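> Have a look; sequence and predicted model below, questions after that.
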Amino acid sequence: MLDRLKDIVRKTSINVCIVNCGGCNGCDIELVACLSPRYDLEQYGIYLQNNPRDADVLLLTGAVTEQWEDKLHRIYTKVPEPKVVLAVGNCPQSGDVFAQEGGRVSAPASNFIPVDAEVCGCPPRPDEIISAVLAVVPKAMVAKGHENKKIKDNDS
Amino acid sequence: MIVPIGPVHPGLKEPLRLKLQLEGEKVVKAEIDYGYVHRGIEKIMEGKTWQKCIYLAERVCGICSYEHTQTFAEVLEHMAGVDVPPRAQFLRVLTNELDRIQSHYIANSTFFKAMDHEMLFMKVLELREYIMDSIELLTGNRVNMGWNVVGGVRMDANEEHFDKILENLKVVEENHDRVVELFSEGPVLALRSKGVGYMSKEEALKGRAVGPIGRASGLKHDCREFHPTYKDYFDFKPIWRKEGDNYARTMNRFDEIPQSIDLIKQAINNMPEGEFRTPVEIKTGYNECRNEAPRGEVKYMCETNGNLIKHISIRTPSIPNIDSCAKYMLVDVPTVADAIATYTSCDPCIACAERVQLTDTVTNKTVIKDLDSFY
């Protein structure tokens, strides 16, 4: 009973934290455009929180720069369980144009924290980002919640 | 007391660390830490042809991505002594002004978000979507357009494009005044931003503030005045104010939007016929070029060897603006909430600022110690 209630809450209220770990801002302004009345992220129950301690989902943008190499994992550990990481744009997946000789980036982001899903594009359109979040996050939150419960039960 | 804010914080969009020194709730002094978005673009550009570099120039900053490509292209064109065809020049002005409008709208909307005024935030973003539609129609992409090439623009535009852009601009024009009135006449927002974060003209000169931030403090400097296309074909006068507070900076950006709309109309009405791209043979040499991006003056200094780029150095407007914000605006701010609003009012774009390593030249007594010394 309680589990089912938890599932419903996890599906319908998703708090998102944007972490720009060294991008060009292109993806960030597309994420801001998601909040605009035309795309309206909040009608799906997704809220922009920008505080890792209150968030369920980390939206990673940008290739991982030198300063972020240790900080990224620290932020990841601050997000309460169950958590989902979504990489937005080409940068956290491959480094995009910055992954060349001379560039000071250490993409992909999956070297540092586990990434659950990826959205391609430089930058992806707002509707692509929204459809990706909606396709992945509710199911993943429920599945991860069950997984964590199993681990806890086995431990006890 | 010292309050550290960032790098990931609800009040900030981009990674940056603000250290505020407080007396009660009054902000006495502020310090800013950069370095979170340093990618080394200038180094990557070395030894590459312009076809590869123009994409990197675009990704210096995602918000004012257009102006960077134009300046990069103009550096190499002026070096080769090639005049771009007039149609390409007009198309560049058209896209530049569209980009400026969307950048000013997003800067103001983040300011309203920092002031916790959700309604204006939404209203401004709603208007911005019409401009984004026009940009997408014209260039094929919303943010990183890939529209400029050395020697002109990538694609031609036709009457259908212009009609649709004018239609979108009409909607923006109709609703723009109402949004501005909500800000300037509303008792909550206007009073909270008047007199906060004051920077005088002398301080703006000392901090080398550029763009709308400098112009709001009375510096009549706009690079579009000296740009050959604007000088020869367009009727243009820079807009400036003398109050120098948060209100003036926001209003200055709002005032520049009707001017940009007017420039777009001039460009579409007087659009010349003909070629939109010429071949350019790149020679060995050195050149520099300045242009007015939405945030202020962008300067490219480029040295070539054959058709390869030997060395390039980019000066973006955000560095002096954020610097003058930390030194002069964030002094004697009444509350911490106002400090964040003041910081966003200077339209910071961290991605711009992060290609150089800044060293602090303050040698006299610094009151703020480094946070590590407390551990």
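Thanks, I have the structure now.

> Going along the chain, name the strands of chain A.
For chain A, the strands defined by DSSP state E cover A:14-20, A:46-48, A:57-61, A:84-88, A:117-119.

> These into JSON lines, with extra columns for mean pLDDT and mean neighbour count?
(C-beta placed from N, C-alpha, C; glycine too.) As requested, those are exported to JSON lines (pLDDT from 0 to 100; neighbours: other Cβ atoms under 10 Å in any protein chain shown):
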{"stretch": "strand A:14-20", "mean pLDDT": "88", "mean neighbour count": "22"}
{"stretch": "strand A:46-48", "mean pLDDT": "85", "mean neighbour count": "19"}
{"stretch": "strand A:57-61", "mean pLDDT": "89", "mean neighbour count": "27"}
{"stretch": "strand A:84-88", "mean pLDDT": "90", "mean neighbour count": "25"}
{"stretch": "strand A:117-119", "mean pLDDT": "90", "mean neighbour count": "21"}
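
> What is the neighbour count of the residue of the stretch 201-350 of chain B found nearest chain A?
With Cβ to the nearest Cβ, the shortest gap between the stretch 201-350 of chain B and chain A falls at residue B:349, namely 6.4 Å. Neighbour count of residue B:349, defined by other Cβ atoms under 10 Å in any protein chain shown: 29.

> excluding its backbone neighbours, what's nearest residue B:327?
residue B:207 (5.7 Å; Cβ to Cβ, 6 or more residues apart in numbering or on different chains).

> what about the one you found, neighbour count?
When neighbours are defined as other Cβ under 10 Å, residue B:207 has 22 of them.

> Kindly report the same for residue B:317.
Applying other Cβ under 10 Å, we find 30 other residues in the vicinity of residue B:317.

> who touches residue 23 in this structure?
Looking at chain A here, since you left the chain open. Residue A:23 is in contact with A:61, A:62, A:63, A:89, A:91, B:37, B:62, B:351, counting by Cβ atoms under 8 Å, 6 or more residues apart in numbering or on different chains.

> try again with chain B
Residue B:23 makes contact with residue B:1, according to Cβ under 8 Å, 6+ apart.

> Distance of residue B:13 relative to chain A?
Applying Cβ to the nearest Cβ, to the nearest Å, the value for residue B:13 to chain A is 6 Å.

> typo on my end, it should be residue B:52
For residue B:52, the distance to chain A - Cβ to the nearest Cβ - is 8 Å.

> What of residue B:82?
Per Cβ to the nearest Cβ, residue B:82 is found 26 Å from chain A.

> Which residue lies closest in space to the residue in chain B that chain A sits nearest to, excluding its sequence neighbours?
Nearest residue of chain B to chain A: residue B:62, at 3.0 Å (Cβ to the nearest Cβ). Spatial nearest neighbour of residue B:62, chain neighbours left out: residue A:26 (3.0 Å); criterion: Cβ to Cβ, 6+ apart.

> check contacts around the one you found.
By Cβ under 8 Å, 6+ apart, the residues touching residue A:26 are A:89, A:122, A:123, B:59, B:62, B:63, B:65, B:143, B:144.

> Now neighbour count and distance to residue A:43 too, for those residues, in a markdown table please.
Shown next, in a markdown table, are the contacts of residue A:26 (neighbours: other Cβ atoms under 10 Å in any protein chain shown; distance: Cβ to Cβ, whole Å):
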| residue | neighbour count | distance to residue A:43 |
| --- | --- | --- |
| A:89 | 29 | 24 |
| A:122 | 21 | 27 |
| A:123 | 28 | 22 |
| B:59 | 24 | 32 |
| B:62 | 25 | 26 |
| B:63 | 24 | 26 |
| B:65 | 26 | 29 |
| B:143 | 28 | 23 |
| B:144 | 20 | 28 |
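
> Let's have those in JSON lines, adding distance to residue A:129 and pLDDT.
Below are the contacts of residue A:26 laid out as JSON lines (distance: Cβ to Cβ, whole Å; pLDDT from 0 to 100):
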{"residue": "A:89", "distance to residue A:129": "9", "pLDDT": "89"}
{"residue": "A:122", "distance to residue A:129": "13", "pLDDT": "86"}
{"residue": "A:123", "distance to residue A:129": "9", "pLDDT": "87"}
{"residue": "B:59", "distance to residue A:129": "18", "pLDDT": "87"}
{"residue": "B:62", "distance to residue A:129": "14", "pLDDT": "84"}
{"residue": "B:63", "distance to residue A:129": "17", "pLDDT": "86"}
{"residue": "B:65", "distance to residue A:129": "18", "pLDDT": "86"}
{"residue": "B:143", "distance to residue A:129": "12", "pLDDT": "88"}
{"residue": "B:144", "distance to residue A:129": "15", "pLDDT": "87"}
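
> The residue nearest to residue B:327 reaches residue B:328, doesn't it?
Yes. Counting by Cβ atoms under 8 Å, residue B:328 is a contact partner of residue B:207 at 5.7 Å.

> Common neighbours of those two, please.
Residues touching both residue B:207 and residue B:328 (Cβ under 8 Å, 6+ apart) are residue B:199.

> Could I get the phi/psi values of the closest residue to residue B:64 other than its chain neighbours?
What sits nearest to residue B:64 in space, not counting adjacent residues and going by Cβ to Cβ, 6+ apart, is residue B:293, at 4.4 Å. Dihedral pair for residue B:293: phi -80, psi 170, per degrees, to the nearest 10.

> give me the number of residues near residue B:293?
Each residue near residue B:293 was counted by other Cβ under 10 Å, and the total is 29.

> Across the sheet, point out what pairs with it.
Assessed by DSSP bridges, residue B:293 has beta-bridge partners residue B:296.

> State whether it and residue B:67 are indeed in contact, as I suppose.
Yes. Shown here, residue B:293 and residue B:67 form a contact pair, counting by Cβ under 8 Å, at 3.8 Å.

> Doesn't residue B:4 belong to a strand?
Yes. According to DSSP: H, G, I helix; E, B strand; the rest coil, residue B:4 belongs to a strand.

> residues in contact with it?
By Cβ under 8 Å, 6+ apart, the residues touching residue B:4 are B:17, B:18, B:19, B:20, B:371.

> quick revisit: enumerate every residue touching the residue nearest to residue B:327.
If you count contacts by Cβ under 8 Å, 6+ apart, residue B:207 has them with B:199, B:320, B:323, B:324, B:327, B:328.

> how does it look with 7 Å?
Contact analysis of residue B:207 by Cβ atoms under 7 Å, 6 or more residues apart in numbering or on different chains lists B:320, B:323, B:324, B:327, B:328.

> circling back: near the closest residue to the residue of the stretch 201-350 of chain B closest to chain A other than its chain neighbours, how many other residues are there?
Counting by Cβ to Cβ, 6+ apart, residue B:349 lies nearest to residue B:318, which is 4.6 Å off, once chain neighbours are set aside. Residue B:318: 28 surrounding residues under other Cβ under 10 Å.

> Quick check: residue B:318 vs residue A:25, distance?
Going from residue B:318 to residue A:25 by Cβ to Cβ, to the nearest Å gives 11 Å.

> where do the contact lists of those two overlap?
Common neighbours of residue B:318 and residue A:25, counting by Cβ under 7 Å, 6+ apart, are residue B:349.

> Which residues of chain B lie near chain A?
B:8-10, B:13-15, B:35-40, B:43-44, B:46, B:55-56, B:59-63, B:65, B:106, B:122, B:125-126, B:129, B:142-144, B:349, B:351 (Cβ under 7 Å from any Cβ of the partner chain).

> out of those, which are buried?
Neighbour-count burial (16 or more other Cβ atoms under 10 Å in any protein chain shown) applied to the residues of chain B next to chain A gives B:8-9, B:13-15, B:35-40, B:43-44, B:46, B:56, B:59-63, B:65, B:106, B:122, B:125-126, B:129, B:142-144, B:349, B:351.

> could you pull out the strands for the stretch 51-200 of chain B?
In the stretch 51-200 of chain B, the strands defined using DSSP state E, counting those that start in this stretch lie at B:148-149, B:152-153.
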